[in-house]
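In: Give me the fold of what follows.
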Amino acid sequence: MFAYLVRRLLLMLVTLFGISVVIFVLLRIVPGNIVDILFAAAGYVDPADKANLEKELGIDQPLIVQYWHWISGFLRGDLGYSYVSEKPALQEILPRIPITARLAGLALLFSASIGIPLGVISAVKQGTRLDYALRVVSLSGLSLPSFWLGLLILTASVAMFGQMPIFNPNPQTWLEAFATYAVPAAAVGFRSAALTLRITRSSMLEVLRQDYIRTARAKGASDAAVNYHHALKNAILPVITVIGIEAAFLIGGLIVTETVFNIPGVARFLVEAIRWRDYPIVQNLVMFIAVVVVVANFTVDMLYAVFDPRIRYTD
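Out: Predicted structure coming up:
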């Protein structure tokens with residue numbers, strides 16, 4: 001087990017190094033930089049001023065030097081300064097991480113608490129009207145774009161209450177925080193819940209056909225014990241995989257949702273930084289998202305052994 005953990009940690013480091021190189025190179029091969037954008041907006045180009053500004057920002061240096069300055073600073077916790085606001089990048093990024101984390105966490109909670117129970121019910125009631133209804137709901141959730149659902153919610157709020165949900169950046173109580181994040185979390189979590197429902201249903205149907213399920217019923221076990229203790233316990237691994245992938249996706253995949261609901265989170269800030277070629281912000285935000293994805297995949301692998309004792313990571 002220890003050797004496996006060491007190998008996985010080394011693989012994570014290699015993966016993150018490769019991602020950092022790809023991020024750095026892709027940003028530099030995109031036509032134009034922050035200096036070009038600023039001078040284009042001003043309507044004139046003075047070669048001397050442009051050269052001075054490039055030197056001041058450090059983007060006139062060789063690429064390998066720029067990469068070393070960035071990655072060494074990243075490892076030390078020095079993320080540099082934003083080209084746009086001229087504030088420390090860490091100061092710009094840190095306040096936005098909890099906002100996106102709360103939104104993603106609530107959406108994931110909504111997804112798991114709705115998708116798993118409904119998936120079990122759909123599998124147990126296979127072929128009934130309830131099963132067909134739940135399958136239609138899950139298909140609808142996978143088909144409806146989250147931004148369209150968000151716009152629909154905003155329109156309904158205006159029609160019913162005369163106002164749109166307003167984002168409160170500093171909720172004072174848990175109730176205010178829930179009210180602030182519940183609507184956008186439901187909009188983005190509906191798709192995740194639909195996917196979780198379908199995966200849970202298909203996994204449960206496969207497990208319910210196994211011999212040990214029939215044995216449990218023959219021994220007189222109750223339906224609840226069979227469905228949740230025996231069947232769901234053995235059907236949960238694919239669901240854990242999906243939830244782990246969705247957790248990683250939600251951190252960086254909330255761009256449209258944050259824009260529609262005017263939420264100043266990480267994803268929306270990333271798009272703005274890309275538009276302005278704000279290299280320190282873009283590089284560090286994408287690396288943060290990459291770290292979340294890698295850690296989420298590692299956590300899912302570790303949870304396999306927790307939920308299924310038959311799985312053992314050996315040398």
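In: Looking at the residue nearest the centre of the chain now. What's its pLDDT?
Out: With distances taken as C-alpha atoms, centre = their mean, the residue of the chain nearest its centroid is Leu250 (2.1 Å). Looking at Leu250, its pLDDT stands at 78.
In: so what pLDDT did the nearest residue to it once chain neighbours are set aside get?
Out: Nearest non-adjacent residue to Leu250, counting by C-beta to C-beta, 6 or more residues apart in numbering: Ala104, 3.7 Å away. Where you see a C-beta, it was placed from the backbone N, CA and C, and this is true even at glycine. We have a pLDDT of 88 for Ala104.
In: Kindly report the same for Ser82.
Out: 85.
In: residues touching it, list them.
Out: 88-89, 92, 273, 278, 280-281 (C-beta atoms under 8 Å, 6 or more residues apart in numbering).
In: Would you mind measuring from it to Asn284?
Out: Going from Ser82 to Asn284 by C-beta to C-beta, to the nearest Å gives 10 Å.
In: I'd like to know how many residues surround Lys55.
Out: If you count neighbours by other C-beta atoms under 10 Å, Lys55 ends up with 11.
In: same thing with Arg102?
Out: Other residues near Arg102 come to 18 when the count uses other C-beta under 10 Å.
In: Identify the residue nearest it in space, chain neighbours excluded?
Out: Tyr181 (5.5 Å).
In: so is the one you found in a helix, a strand, or just coil?
Out: The local conformation at Tyr181, judged by DSSP: H, G, I helix; E, B strand; the rest coil, is helix.
In: Likewise for the one 3 residues further on?
Out: Applying three-state DSSP to Pro184 yields a three-state assignment of helix.
In: ok, it - contacts?
Out: Residues counted as contacts of Pro184 (C-beta under 8 Å, 6+ apart) are 103, 107, 150, 165, 257-258, 260-261, 263.
In: swap in Ala123?
Out: 200-202, 204-205, 208.
In: mind running it again at 7 Å?
Out: Contacts for Ala123 (C-beta atoms under 7 Å, 6 or more residues apart in numbering) come out as 201, 204-205, 208.
In: Let's see which of the residues you listed end up in helices.
Out: 201, 204-205, 208 (DSSP state H).
In: give me the low-pLDDT residue ranges for the stretch 101-250 of the chain?
Out: 163, 165 (pLDDT under 70).
In: Which parts of it are strands?
Out: Counting by DSSP state E, counting those that start in this stretch, one finds no strands in the stretch 101-250 of the chain.
In: how much space is there between Pro47 and Arg129?
Out: Applying C-beta to C-beta, the value for Pro47 to Arg129 is 74 Å.
In: same thing with Val300?
Out: From Val300 across to Arg129, the span is 35 Å (C-beta to C-beta).
In: do the same with Pro171
Out: Taking C-beta to C-beta, one finds Pro171 at 41 Å from Arg129.
In: In terms of neighbours, single out the busier of those two.
Out: Taking other C-beta under 10 Å, Pro171 and Arg129 do not tie; Pro171 has more neighbours (15 against 8).
In: Now do the same contact list for the more buried one.
Out: Counting by C-beta under 7 Å, 6+ apart, Pro171 touches 177, 180.
In: quick one, phi/psi of it?
Out: Dihedral pair for Pro171: phi -70, psi 140, per degrees, to the nearest 10.
In: Enumerate every residue touching the residue nearest to the centre of the chain.
Out: Leu250 sits next to 104, 107-108 when contact means C-beta under 7 Å, 6+ apart.
In: Kindly recompute the last result at 10 Å.
Out: With contact taken as C-beta atoms under 10 Å, 6 or more residues apart in numbering, Leu250 is in contact with 100-101, 103-108, 111, 185, 188-189, 192, 257, 267, 292, 296.
In: same check, this time on Ala133
Out: Going by C-beta under 10 Å, 6+ apart, Ala133 touches 122, 125.
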